[in-house]
Structures are given as C-alpha cells and as structure tokens.
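Engineer: A structural model of the following input is requested.
(2 chains)
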Amino acid sequence: MINSVFAAGVLEDTIRAFFQGLPIGAGFALVAMSFVLTYKTSGVFNLAFGAQAFISAATYFELHVRRDWPIWSAVLVAVVLVAPVLGLLLERLIFRHVHAASAVAKLVISLGLLVALPELFKLVVDYNREQPFGAVGIIPDGTTVYRLFGRYPVTRDEIAAFVIVVAAALALAALFRYTRLGLRIRAVVQSPRMTELNGVNADWVSSGSWMLSSFFAGLAGVLLVPITSSLGTVLEPTGYFPIVISALAAAALGRLVSLPAALFGGLALGIVTTQMRTHVPRDNVILAELQGPALPYVMLFAIIVFWPAIRRQVAGADPLLGVSPPPPALAATSRSRGMTIYTRIMALAFFAAVGIFTFGYANNFWISRITHSVIFSIIFLSIVVFTGLGGQIALCQVTFAAIGAFGAMQFAQRWDISVIVGMLAGAAIAAAVGALLSIPVMRLGGIWLAIATLAFALFFHDVLVKYSWVGGSLFHGRGVPRPEFFGVDFSSRENFLILCSAILLVVGVLVILIRESSTGMALRALRGSETAAESIGVISWRSRVIVFSVSAGIAAIGGGLLAMEERLVGYEANFDPQTGLFWLVIVVVLGARTVEGGIQAGVAFVIFPELVLHRWLGLDGAWRFVLFGFAAISFARHPEGLLEHGKRRSQAMMQRMFARRQPAMAVASAQPEVDTSADRGDEP
Amino acid sequence: MSLLVADGITKRFAGITALEDVSIALEEGERVGLIGPNGAGKTTLFNCLLGLLRPDAGSVAFDGQDITRLPVYRRARLGIGRTFQRVELFSGSSVRDHLLFAHRIRSGTGALWKDVVGLGLPKPAEIERCDALLASLGLGGMGDEPIEALSLGQSRLVEVARALMTQPRVVLLDEPSSGLDRAETTALAETLARIQSEQGFGLLLVEHDVELVASFTERTYVLDFGRLITHGPTPEVMRDDEVRAAYLGDFVAGTT
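Structural biologist: Numbers count the residues shown, from 1 in each chain, chains lettered A, B, ... in the order given. Next up, the predicted model:
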C-alpha cells in the first residue's frame, strides 16, 4: 500500500517534470536549430547567437517594460524586425566576405561578435539591466497557472513557448520540403557552387537562412525570459551562456547538421534537465550540482566526448570543392631577416623608454598599470602558444589563470608556503588539468575543441569556484601576499615589477624556443596540413596535448602574478569566462603568432581603455569590447595580427622607396618577397 | 618476405564493393605500378595501405609486421612515405621547413625539455642535409622560398623530398602526374627514377597515366571494378588483352 502510494508519487513527479521540461527544451531547440541553419548554409559556427538572443530579449524588455509599449508592438520590433535585420547585416557585411576562410577563423569572428554586440547594444541603447518589477513574457498574464489533466501545473508562458517552438519547427520543415527557398537552401548546403551553376543565387539563399536563424535566436531570447530564470539572469549577455551551451549540446547530437536532431535533442535535454532536478537526491554535493548549474556543461562535454557521430564528421563533401579558387594567400609566418632586426631594435627602444619612464617619472598608478601590462603579456603568451603556434582555439585560458591565482592563494593561506611555490604548484595543476581536459577532445580539434573548452571555463565559473578548496572560504578572504625569496623582498611596487618583467623574459624566450624547436615544428606542420603532418608521422593529438598543457601552465603563472600584484584574487573582475573570450579576441586581433604580438596585446589590454579611450577620447571603457570585437573580423585575412600586418606593409613600403632611390643596390639585395604575399588578399 | 603486403583486402561502402579480395606485394627497392580506370578501387586500396581506411577483410603487413590496425602516423614512423594527389603542403612554411619537420619527426628528438633548454633548435648539419636533398631534386637554392611561391611540379617534388626525409623504405605516390602536362610529367618521372635508384626505396605508383607507368615501373597491378584482373612485369601487362579491353579501351587496342 505504502509502496504503491510512493510509486504513484514518483510517477506524478516524473510527469510533472516532463511537462516542465518541454518548454525549456523548446527554447534549447530553437537556439539549436539556429546553430544548425547557419552552420549548414554558411559553415559558420555562430557562437554570437547568444548575443543575438540577448539583443532581442533586451530590446523587448526595454520597449515593453521600461517604455510601456504594448506587448504586440514590442515583440514585432524585437523579434520580427531587429532579429532578422541583425542576421542580414551579419551575413552581408561580415560572413559573406570570409566564405573561403577556415572554420577556426570563422569561429574567431563569431567570438568577436559575441563580445562586441551586447556591449554595443548597451552603449547605444543606454541599457540598464536593473529590472523595476521582474521580466515579463510575451503572453498577457503569462504567469497564470493551468492544471493539465487537473493535476500538473503549467503556466501560460510555458504553454505558449512550447506551442510556438513546435509551430516554428513545423513551419521550418514545411519550408524545406515544399517551398522553392527550402529546396534552394538544401541545394546550397550540398554545394553552393553547383547550385550557382544551376542559376540560383547562393548568396541570396545564404542571406535568407541567416535572417531565419537570427529570427529563431531572437524568438528564443524573448520566449526564454520568463521560463528559464533558474538558468541564469537572461537579461545579461552572459545569462545566455547556459542556454547556448545546452543548445550546443542539442545541436551536437545531430553533428551540427541535422535539424530534426536539434529539435528533438533540445526537447530531450530540457526534459532531462527537469527530471534530474526532480529525481536526483540533493544530499550529495556532486549530485546537487548536477541538478543545477553544472548540468548543461556536463551534458555538452559528455556528448562531445562520447557521442559517436561527432567522431565520424567529415568536412567538405562538396563535389565541386576542388574547382573553387584557393583561399586568399595568407601571410607567411616567417619574417625576413631585416624585419627581425627592425623588430628587435624597436623592442629594445620601447623597453628602454618604458624603463626610464617607470623608474624616473611614473607615479604609483602608472607603475601598477605597467606591472599589469607585463602580467597580462605573460598570460597572453599562453594564447600565443596554443592559438598562434597550435592554430587551435581554446576558451579556457582564463580558467587556467584563475587556477594559478587560487594556487598561490591556497598555499599561502593554508600552509603558509611561499606564494611563488604556490603559483608554480598552480601552474603544475593547470598543466595537469589541461592535459586531462584535452586528451578526450584534442582528437576532434577545431570547433569542438573550442566548444569543449568554453564548457569547461563556464563549469569552473558556475560550479567549482564556489568550493572552498578552489575559490577559498569567506572566512579567510582571497588575500595573497607578495613574494619574498632568497632574502629579496618583492613587496614594493618597483621590485615586483622587476620580478614580473624577469618572468616575462623567461617565458618569452621559452615560447620562442618551443616555436623554433621540434614541438613547434610539429605544430606548424599540423597547422599547415593535418593530413600531410600525419603522413610524416606527426601524432597530432599528442603534440596538441603537450602544447595545451604548456599553455595552461603559462596562463597559471600569469594568473598567480596578477593575484600577487593586486594582493588578492580578483576572480569576478579578472577571471570571468566572458573576459576570457575578450582575451582571445584581443590577442588574435593584434598578433597571436609572435611573442611580440602577445606583449602588444598585454599592453593594449591594460593601457588602451585607460589611456586612449578614457583619457584621450573621453569614451566609456566598454568601447574596447566593441572595437576589438569587430576587429576580430580581420583574423580571416590576417591571422598574423593587425600590428604585424601593418609593420610588414610599412617595411615593404620603405623597401620600395629605398629601391626607387637606389635601383642598383636593390637588385643586389633582391630577396624573395615574403611580405607581399601577405598583402595579396587586400586587393580585390 | 616482401616488404609491403596487402592480403585479401575487401572494402565495402554502403553495399558497394569497392575492393574484393585484392592482394598485392612490393619488394624492397622495387618500382611497382597500380593502374585501373576511374572507380576501379585504386584510391581505396591506397588508403587501406596507408591506414586512412580500415579494410572489412584482409590484412596489410609491412616488413613482416601486421599493420592492418595501425593509425597513419604509426605506419609513417615504420617507413611508409606518401605524396598526395591534391598537393598537401604546410602553408605558411618555407620549402626547407618541410624537410626539416619531416627529419625531426623521423629522428625522434622531439622531447619538450630539449626544446626548452635550447637543444631542439635546427642544427647546421640538419639544414645541410635538407639542402643537399633539395639540390639533388633540382630545387637547390629554393630552401628559403615560401611554399606558396612554387609551381605545381615543384610542389610535388617538395612532397617527395618531405617523404624522403623520413627515410622511408617505401614511398606511395598518388597520381603524381595529375595537374602536370606531358613535359612536366616526364621531368618528374626522370627525377624520381634517378633519386629512387640512388636511395633504393620501394615505390608504389598509383596512376592514371599509362605511359608514365609503362616507362617507369618494373611490375604492374591492374584493378577493375574492385578486382585485381592481372599483374606481372609491366611490358607484359601492357600487352594483355583483358587489360586493353578493360582499361585502355578499344581505341588503343585498335591502333596496334
């Protein structure tokens, strides 16, 4: 008797969780279908959908809640107007022009947009996320509760979300099956060139699918506001991360190419989410995490690692792939000798000037800024190692930096061990975590690697940091002392700056040695052509695991130094995953291929918002996200970075001027023009 | 004991049998051709030998060792080099870098600690070796050129040089003549023949171009519809009626 009552209760809970899961899953499914649509039609893995969903939701919120527009007009503007126009603009202005770029380059562009778009929106609209009376859905009286079968409570918002998504999916299916546009989209997916030969404008089809997918993302953004408050504050750009991650998991189930898989995967993951919340006991810490914030990341990671379909993915089955012109020539990584000498002289002059300024004239504020620049240069060298050398994108360097910072803190607080030892231990831990994390995903590479590392960064942020053995306890605080060793006290600003500079020098030399030696050679081979590299015996995953580990260690050293400089672990201010995205963007924009590029990015990261934006131009510091975010578009053409590109151009120009003046000498010193090949992409 | 042996290879794709019970063998230092019309299964067999495809039945052995289940890089390390039909080079690297990379992988001095203490930098002797091989292939003085600056014929030679730097015991050439005109093909064949007789590695030439195979190989295997229709000394194979009918077609059969 008791048993049957219990069983009935479990059954009832299960059914209730099922009905609660459907609308959440519907939201996942919408975003997942957006991913699939753009990935299929333009090869862009558009992480910026999170930003697009945010913009629609925030527009709706701004218009309806803050400016008292009626619901229908706010929805019309936010979803039917803003979202498709945004998609159209992205396709026309950006993605159409990088059609031939690699998947990784396109991913970098979408990351730049993910950083830039929400900040641009906030700056332009003067958006204020403080909500006067809570977010409101798009259905009047959305919180009205109905009871299905007289028993299971569902709100009007939830019913509406589910119905709208199912209707949208059906409409999409009908579009593909019965309309000319659908037929053309399917054809373009198979082979854009073949389709064009049949007289269809593939660009137009691509625009259409971008508008459609952006519309879906916007719809999802607006629908999810009332339902998923438990998944994060949706009206913040970062609030969309958990949803985007779940949607990615759903899209991954269909290898990013199957719309039905995205739909049913999304619904299934929504149901799994609520079932876990209902049935998994809360008495165990790990199980309790699995019910809440950890779930999307664990699901995504598990799908990427264990879902067999992903391993079978083959790129580019377009039968006319071979006839398309090769992508524009990219810059050669090798510099001419003159360029190297020029760079070294400039670097010496720069460091001498900074040194004289620092120890002669600078006040405490500027010394602290310069120390920050040095430390961020170290951190950014980790991106130079993995992205510049390895040609892969990892989005969790910020997490490794945090591990270094917390390592220094924990060792000093718990055992009173030198922070330097703690920092090095943190680096070792980060390297080990990096190796462990990368072994299952490194074989996949490319987009999957980026997604998995993003999932890890968010997992650390939402779950691990809360534990006292990671993020420290409230009781102790997050204080970190400055080091003292071999009888030298590095606690003064100047001495600590000298220590950081010495470490930067060591790390810089290390990176150059790795780049020029066997490991670097294997990586350059892999970046050039993975197939060919394997044909001469390069073990791709092993090289990448090694270099990922090294890169994690470098990031952790930088993170530890940053904590010492600030005398505490400023986790929220420095090591947020969103910040990590910006790190990657600024490094690839300025030059991920060279040590010099990493240092320039470090200096720009610290000095640019302070000096250029704030003091000189009187602008909000948030403009840096917008500027560098949009500058990431240049990565498709100039993977060597904008500064390096500019330098090569100026050097080539000087050479030409020199050659005109002294033709005889120029002939004598005629060299293979490495640099001009970099510029070929510029001319139409 | 033959150097490279494929024994009873069968491979099916979604119900279509691309290869059925195909066996070939290659001796040390031998030049062997593999020909057949489009769709005969040449590339499938090639990929099975290299480890890019796993056969449904049959085995591949190299120097007496079963390598059927080894990944590509393990086979490369055992001494199987290859070139590509669509040239696969390391974009962004110089010509010499291609050879240097291959040499480093082969010599196995790739430990991270050596790199970190500065022992991993290219040594003058290594650079000399690369330049010597480039010179013998007629690419002398081009070591510093960016790889993008080379013509297709030169690129193919760099591929050969890269494969040779791994000190292979057998090199598999995948349609080296594709994209080259007659004169370029002849030049490539001459260089290949010379370097092969100098260094004595085995060569398996998968080719479309019958003339190249006829002039260049000692033995030839002929595939048609996934089956081995004949094999033997190249001149005999070229006279075989079945080969003419299946591959060379009535046109050639009629002219002789």
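Engineer: tell me the SS of the residue of the stretch 101-250 of chain B at minimum distance from chain A?
Structural biologist: Per C-beta to the nearest C-beta, residue B:120 is where the stretch 101-250 of chain B lies closest to chain A, at 2.7 Å. The C-beta positions use only the backbone N, C-alpha and C, and glycine is treated the same way. Classification of residue B:120 using DSSP: H, G, I helix; E, B strand; the rest coil returns coil.
Engineer: ok, it touching residue B:114?
Structural biologist: Yes. Using C-beta atoms under 8 Å, residue B:120 is in contact with residue B:114, at 4.7 Å.
Engineer: Quick one: check the one helix or strand residue B:99 maps to for contact with chain A.
Structural biologist: Using DSSP states H and E, residue B:99 falls within helix B:95-107. Yes. Using C-beta under 8 Å from any C-beta of the partner chain as the criterion, contacts between helix B:95-107 and chain A involve B:97, B:100, B:101, B:102, B:104, B:105, B:106.
Engineer: Using CSV, list the CA coordinates for the helix or strand following that helix.
Structural biologist: Per DSSP H and E, helix B:95-107 leads on to helix B:112-116 as the next helix or strand towards the C-terminus. Output of helix B:112-116 as CSV, limited to C-alpha atoms (Å, rounded to 0.1, in the frame of the first residue of the first chain):
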residue,chain,number,x,y,z
LEU,B,112,59.8,19.1,-24.8
TRP,B,113,62.6,19.5,-22.2
LYS,B,114,65.2,19.6,-25.0
ASP,B,115,63.2,22.3,-26.7
VAL,B,116,63.0,24.3,-23.5
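Engineer: so what secondary structure elements neighbour helix B:112-116?
Structural biologist: Under the contact criterion of 3 or more C-beta pairs under 8 Å, 6 or more residues apart in numbering or on different chains; DSSP states H and E, helix B:112-116 touches helix A:493-516, helix A:518-528.
Engineer: which of those helices is buried the deepest?
Structural biologist: Of the helices and strands packed on helix B:112-116, the one with the most neighbours on average (mean count of other C-beta atoms under 10 Å in any protein chain shown) is helix A:518-528, at a mean of 25.
Engineer: Now do the SS call for residue A:260.
Structural biologist: Counting by three-state DSSP, the backbone at residue A:260 sits in helix.
Engineer: ok, it to chain B distance?
Structural biologist: According to C-beta to the nearest C-beta, to the nearest Å, residue A:260 stands 21 Å off from chain B.
Engineer: quick one: that residue and residue A:254 touch, right?
Structural biologist: Yes. Between residue A:260 and residue A:254 there is a contact at 7.2 Å, judged by C-beta under 8 Å.
Engineer: So between those two, which is more surrounded?
Structural biologist: A direct count of neighbours by other C-beta atoms under 10 Å in any protein chain shown for residue A:260 and residue A:254 places residue A:254 higher, at 21 against 12.
Engineer: thought the more buried one was touching residue A:268?
Structural biologist: No. Assessed by C-beta under 8 Å, residue A:254 is found out of contact with residue A:268, at 11.7 Å.
Engineer: And the strands in the chain, which stretches?
Structural biologist: Picked chain A for this. Taking DSSP state E, the strands of chain A run over residues A:145-148, A:152-155, A:484-485, A:488-489.
Engineer: switch to chain B, that's the one I care about
Structural biologist: Counting by DSSP E, chain B has strands at residues B:4-13, B:16-26, B:31-35, B:57-62, B:65-66, B:80-82, B:170-174, B:202-207, B:219-224, B:227-233.
Engineer: For those, state which one has the densest average packing.
Structural biologist: Most buried among those, counting by mean count of other C-beta under 10 Å: strand B:80-82, with a mean of 29.
Engineer: Name the strands paired with that strand and say parallel or antiparallel.
Structural biologist: In the sheet, strand B:80-82 lines up against strand B:170-174 (parallel) (DSSP bridges).
Engineer: and the partner strand with strand B:4-13, angle?
Structural biologist: Here strand B:170-174 runs at an angle of 40 degrees relative to strand B:4-13 (axes from the mean of the first three to the mean of the last three C-alpha atoms, to 10 degrees).
Engineer: model confidence over strand B:170-174, on average?
Structural biologist: For strand B:170-174, mean pLDDT rounds to 90.
Engineer: what's next to that strand, contact-wise?
Structural biologist: B:3-4, B:26, B:43, B:46, B:49-50, B:62, B:79-85, B:160, B:163-164, B:192, B:201-207 (C-beta atoms under 8 Å, 6 or more residues apart in numbering or on different chains).
Engineer: middle-most residue in chain B, spatially?
Structural biologist: The residue lying closest to the centre of chain B (C-alpha atoms, centre = their mean) is residue B:172, at 1.8 Å.
Engineer: Bridge partners for it, pull those for me.
Structural biologist: As for beta bridges, residue B:172 partners with residue B:82, residue B:204 under DSSP bridges.
Engineer: separation between it and residue B:143?
Structural biologist: 25 Å (C-beta to C-beta, to the nearest Å).
Engineer: Also residue A:500?
Structural biologist: In terms of C-beta to C-beta, residue A:500 sits 40 Å off from residue B:143.
Engineer: Quick check: the gap between residue A:530 and residue B:195.
Structural biologist: Taking C-beta to C-beta, one finds residue A:530 at 27 Å from residue B:195.
Engineer: Comparing the two, which shows the higher neighbour count?
Structural biologist: residue B:195 (21 against 16).
Engineer: Show me which residues of the helix holding residue B:99 are buried.
Structural biologist: B:95, B:96, B:97, B:98, B:99, B:100, B:101, B:102, B:103, B:104, B:105, B:106 (16 or more other C-beta atoms under 10 Å in any protein chain shown).
Engineer: Can you lay out these as JSON lines showing distance to residue A:65 and pLDDT?
Structural biologist: Formatted as JSON lines, those follow (distance: C-beta to C-beta, whole Å; pLDDT from 0 to 100):
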{"residue": "B:95", "distance to residue A:65": "64", "pLDDT": "89"}
{"residue": "B:96", "distance to residue A:65": "65", "pLDDT": "88"}
{"residue": "B:97", "distance to residue A:65": "60", "pLDDT": "88"}
{"residue": "B:98", "distance to residue A:65": "61", "pLDDT": "89"}
{"residue": "B:99", "distance to residue A:65": "66", "pLDDT": "90"}
{"residue": "B:100", "distance to residue A:65": "63", "pLDDT": "88"}
{"residue": "B:101", "distance to residue A:65": "60", "pLDDT": "88"}
{"residue": "B:102", "distance to residue A:65": "64", "pLDDT": "87"}
{"residue": "B:103", "distance to residue A:65": "67", "pLDDT": "87"}
{"residue": "B:104", "distance to residue A:65": "62", "pLDDT": "84"}
{"residue": "B:105", "distance to residue A:65": "62", "pLDDT": "81"}
{"residue": "B:106", "distance to residue A:65": "67", "pLDDT": "76"}
